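Novice: model this:
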Amino acid sequence: MNQKTMNQQITNQQDPVSNLNEEFQNAHGKIPYGMTNDYMFRAVLQSNNKALRGLICSLLHLRHEDVLSVEITNPIILGESIEDKEFMLDINVNMNNNTLINLEMQMTEKLVWSDRSISYLCRSLNMLTHGQEYQELKPVIHIGFLNYTLFDDYPEFYATYKLMNVKNHHIYSDKLTLSVVDLSQIELATDEDREYNIDNWAKLFKATTWEEIKMLAAEDKYIDEASKSIFQLSAEEQISKRCFDRMIYYREKRFYEKTIEEQKAEIADKDAEIQKLLTEIESLKAAVHK
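Specialist: Sure, this is the predicted structure:
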């Protein structure tokens, strides 16, 4: 081994960041778990504050210098076993100590999503403690990342809703904001969405190979931060186990929901058949009594 190689090895041992960068750049093929896995989503954003800040700035169209702090107020112990399969992995963030943000990755289609998201939003708003005044309410923002279109008649990549007058569109209050990022409609991203890199964040969440991730990471330093966290966390056995558990949970849930829907359809068909037979019986009865 020559002196140059020895010096390089010593440098790499002393510089874990350089080591991580090199390993990340050499990564190729299919990734084990992406950020559509809600555990990886949580793990990346909880472990990398810079990535969390970058995502929030993109979504809220903020300058990075205007975001002084982003603090997760419901942290979990990453890698710890989750006994409750219904465990919620949404992320509550206090931004600049004056705005509450809830981030949620949701891959299974929920027919009650609109009601559920409103419930989350209002629960977060109702945080006044005894003695506080109403004007002390902090604005709350709920942002859901869905892999399906919430309203089929109104497909949109990034939609934001507020309380407003239905006639003149005057905003009633800025205290409540609800946004939905539809990961199945990235092609509908507007120029504004692309300006703030929201489409590339969505592509990162949907990415399935290291090649895709590295291309996105090269375009944005905050996406680069998130990408390297995905790479680093993917190598941690306990994180991978929890991601696998969530994948199995949602697979079983989808199978259960599909089975329920099929059973409902069968029952509806049988009910229709019974109703048809009852109608025929009534017709025969009427013919007999003529």
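
Novice: Okay, and the beta partners of the residue most central in space within the chain?
Specialist: Nearest to the mean C-alpha position of the chain, by Cα atoms, centre = their mean, lies residue 105 at 1.9 Å. Beta-bridge pairing of residue 105 under DSSP bridges involves residue 145.

Novice: what about stretch 88-104, start to end distance?
Specialist: Across stretch 88-104, the terminal residues are separated by 9 Å (Cα to Cα, to the nearest Å).

Novice: Would you indicate which residues of it are buried?
Specialist: Residues 89, 90, 91, 92, 93, 95, 99, 100, 101, 102, 103, 104 are the ones in stretch 88-104 that count as buried (16 or more other Cβ atoms under 10 Å). All C-beta spots, glycine's among them, are computed from the backbone N, C-alpha and C.

Novice: Just those residues: which are in strands?
Specialist: 91, 92, 93, 95, 99, 100, 101, 102, 103, 104 (DSSP state E).

Novice: what residues are up against the residue nearest to the centre of the chain?
Specialist: Applying Cβ atoms under 8 Å, 6 or more residues apart in numbering to residue 105 gives the contacts 35, 36, 37, 38, 41, 42, 89, 145, 205.

Novice: Name all residues that make contact with the last one.
Specialist: Contact partners of residue 205, counting by Cβ under 8 Å, 6+ apart, are 34, 35, 36, 41, 105, 145, 183.

Novice: run the last query once more with 6 Å
Specialist: Taking Cβ atoms under 6 Å, 6 or more residues apart in numbering, we find residue 205 in contact with 35, 36.

Novice: what about it, distance to residue 137?
Specialist: 31 Å (Cβ to Cβ, to the nearest Å).

Novice: How about residue 120?
Specialist: For residue 120, the distance to residue 137 (Cβ to Cβ) stands at 16 Å.

Novice: Same check on residue 211?
Specialist: From residue 211 across to residue 137, the span is 46 Å (Cβ to Cβ).

Novice: what about the lengthiest helix in the chain, distance to the chain center?
Specialist: With residue count as the measure and DSSP state H as the assignment, the chain has helix 237-288 as its longest helix. Chain-centre distance of helix 237-288: 28 Å, with Cα atoms, centre = their mean, to the nearest Å.
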